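Student: Sequence first, predicted model second:
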Amino acid sequence: MRRTIRFATSALIGLVIGSGIIADNALHVWDRGTVKSADADTIARQGGSSWQPAQVVADDGVHLDAWLFTPREPNGAAVILLHGVGDTRMGMSGHAPFLLRAGYTVLLPDLRGHGASGGTIITYGVRESADIHRWADLLLRQPGITRLYGLGQSLGAAVLLESLPREPRFRGLVADSPFVTFEEIASDRLTQAGLSSRAAAWPVIHLGFVYACVRYGVNL
């Protein structure tokens, strides 16, 4: 009986510690990647445009970094391009030239916790959705910009969708492969990593949610 209790206690402790480790890995991009101004030069040349660095400060004081491209013949519309988890703005750079040639102003930001943007953790839209509001303000202050669009992939797609309650000025979005909820995508990743079922992943995920809330103040 004592051996059984010790085993159960050890298993519970291991579950709690393991869930915290998994949550920490989910909330951090350990290799943030780098971006180079030479890459912005290439994008501008391909799109027949000019560019300048752009920065905003998020609600929680995090500094966010982007490139702002202006086409030769602006059409009055701007597009925010948002990359996926573990990537940088360069992950969406392939979309910029054709949009610029069509007259769209293009913003290529690094999401918080990625690339040159600040932030020690990523929050899967909890804080990023408010960041989009800041970027929208910057774009709509540009001379001649009256229409706002967004195109995002994976995490970027989810962030755009989650920003809509706070940012109603979008005319349209392209959301490529967003997740429905963080719980669902976490369950998929854990089962792909070897957990036997979604039922087995459930306690790991929800203990991770508690950890994220207690340590980082993020309710996933």
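Tutor: That came through, no problem.

Student: okay, now the domains of this protein?
Tutor: Using automatic domain parsing, the domain parsing of the chain gives 2-30+181-216, 37-176.

Student: Can you say which of these is packed in most?
Tutor: domain 37-176 (a mean of 19; mean count of other CB atoms under 10 Å). Backbone N, C-alpha and C define where each C-beta goes, glycine included.

Student: Generate JSON lines for the domains of the chain, with mean pLDDT as supplementary columns.
Tutor: Output for the domains of the chain, formatted as JSON lines (pLDDT from 0 to 100):
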{"stretch": "domain 2-30+181-216", "mean pLDDT": "84"}
{"stretch": "domain 37-176", "mean pLDDT": "97"}
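
Student: which residues of the protein fall in helices?
Tutor: 2-27, 37-47, 96-101, 128-140, 155-163, 182-192, 198-216 (DSSP state H).

Student: Show the secondary-structure elements that the fifth one is packed against.
Tutor: Think helix 155-163. strand 77-82, helix 128-140, strand 147-153, strand 170-176 (3 or more CB pairs under 8 Å, 6 or more residues apart in numbering; DSSP states H and E).

Student: that older thread, I'd like the helices of the chain as CSV, with distance to Leu68 appended.
Tutor: CSV is the format used below for these (distance: least, CB to CB, whole Å):
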stretch, distance to Leu68
helix 2-27, 28
helix 37-47, 10
helix 96-101, 11
helix 128-140, 8
helix 155-163, 17
helix 182-192, 30
helix 198-216, 30
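
Student: Done for today, thanks.
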